[in-house]
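K.L.:
this one's structure only:
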């Protein structure tokens, strides 16, 4: 049975009612020329605006017009070998490396080949501390503190930025997990504020560079990005140094990284290399989850029937008591709401690679230096892979509808050997945050009609989503 047959024969569920056929905000798909003009007019370098309508349909094809070949790949059978890349033909894209190197150096996030394999071997034991059973207490403690903050916000009747709220909460969780300290420390707060600058500025694309520059041409970053990176690395150093001075006093990811040794070559990280890896941990550990949670809470605010279903499940599984680790697996609807938000608003909008040599992707000729774009954004919205691709339908992840899913077509955390090692951590963290906050608070956007996504470091709203926060059931 092909995918279109599956769409016709898909079972009808509660979310198929007319009231629930909700398509959340997205850019309109236009012709390549009009898309380019729109991107220029926006002035933000937003790659979502650059995507033409064909980018959502083709298995593989060119992306716009440029001196440097840019290829978008949407077919799982074509992009799976690229992401596995046993021959090392498709390393991380040079523009991405240049953008992130001031913050994370030659860390595991952007390195390739032998260097990447060595770092992965060394970091694997530290990543075991991202196991959700160990981190669950830190997650719960951070949410305890943030619930008090939201209660005060509700009492003051002051609006809040949903973007800042989710970033603050997830940053607090990762601080507690990596450094055994909360975000309320002055150092951690400086890191958080600088990350806001970094996130907003680093991923903006200069049209001239994208269209006219050759591959591997240096791409210097803006002064504000370099300043933010220097601040972040300085603050991370202040969090690292107490661990270096007294490692026995801590039992966290930072300490595990300090003790990491390559089992094959006996290599240990220098202090600067530790800062590289800690930058990755902080970046990947809070920015990605925060971006998806922003969209989850926005969608729930626009879908009262779905919000009611979520609250009913939370009440049935948890009741009014504490949310325990064993509850997480039982909250299937909450988990599926997060998975659907990951599909429609994948935190990593593009997984860019560069061709190190002339090659072929299937029957498609690719030149050396070509930019190969594997985009979860377009793959997750491809109508040949997903029924009603633009509709928010968490029930598509119900176990009764598994036959609808195309193998390899869901990759919010990547695919292959470089798949995100913190995926289980992020899923548990998100389900816990959703469960805790939806049962106590209403978050109501003040201008929902203005919300639209852009591709920054992650998939974010173009403008902050300002919300009114109230205790659930209280008068607005």
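P.N.:
The structure has been received and is ready for your questions. Just so it is clear, the model here is predicted, and its values are computed rather than measured.
K.L.:
select the longest helix from the protein.
P.N.:
Longest helix of the chain, by residue count under DSSP state H: helix 132-156.
K.L.:
quick check: mean pLDDT of that one?
P.N.:
Model confidence over helix 132-156, given as mean pLDDT, is 92.
K.L.:
now stretch 227-244
P.N.:
93.
K.L.:
in what helix or strand does the closest residue to residue 333 other than its chain neighbours lie?
P.N.:
In space, residue 333 comes closest to residue 313 once its chain neighbours are excluded; the distance is 4.6 Å by CB to CB, 6 or more residues apart in numbering. In this view, the C-beta of every residue, glycine as well, is placed from N, C-alpha and C. Using DSSP states H and E, the element containing residue 313 is helix 304-317.
K.L.:
repeat that for residue 231.
P.N.:
helix 223-245.
K.L.:
now whichever helix or strand comes after that helix, how far from the centre of its chain.
P.N.:
Moving toward the C-terminus from helix 223-245, the next helix or strand (DSSP H and E) is helix 253-258. Distance of helix 253-258 from the chain centroid (CA atoms, centre = their mean, to the nearest Å) equals 24 Å.
K.L.:
if we can go back for a sec, show me what the longest helix of the chain is packed against.
P.N.:
Secondary-structure packing of helix 132-156 (3 or more CB pairs under 8 Å, 6 or more residues apart in numbering; DSSP states H and E): helix 162-179, helix 325-328, helix 423-438, strand 466-471.
K.L.:
once you drop chain neighbours, what's closest to the residue positioned nearest the centre of the chain?
P.N.:
Residue closest to the average C-alpha location in the chain (CA atoms, centre = their mean): residue 347, at 2.5 Å. Nearest non-adjacent residue to residue 347, counting by CB to CB, 6+ apart: residue 288, 3.7 Å away.
K.L.:
doesn't residue 458 make contact with the one you found?
P.N.:
Yes - assessed by CB atoms under 8 Å, residue 288 is found in contact with residue 458 at 5.8 Å.
K.L.:
between the two, which contacts overlap?
P.N.:
347, 348 (CB atoms under 8 Å, 6 or more residues apart in numbering).
K.L.:
give the buried residues for the longest helix of the chain.
P.N.:
132, 135, 136, 138, 139, 140, 142, 143, 146, 150, 153, 154 (16 or more other CB atoms under 10 Å).
K.L.:
ok so, going back, can you pull the contacts of the residue nearest to the centre of the chain?
P.N.:
Counting by CB under 8 Å, 6+ apart, residue 347 has contacts 287, 288, 289, 291, 292, 412, 458, 459.
K.L.:
right, and the pair among the residues you listed with maximum separation?
P.N.:
287 and 412 (13.7 Å; CB to CB).
K.L.:
what sits up against stretch 134-142?
P.N.:
With contacts defined as CB under 8 Å, 6+ apart, stretch 134-142 is touched by 129, 169, 172-173, 176-177, 182-183, 322-323, 325, 425, 428-429, 432-433.
K.L.:
how about the helices in the stretch 251-400 of the chain?
P.N.:
Under the criterion DSSP state H, counting those that start in this stretch, helices of the stretch 251-400 of the chain are mapped to 253-258, 271-282, 288-302, 304-317, 325-328, 332-344, 376-379.
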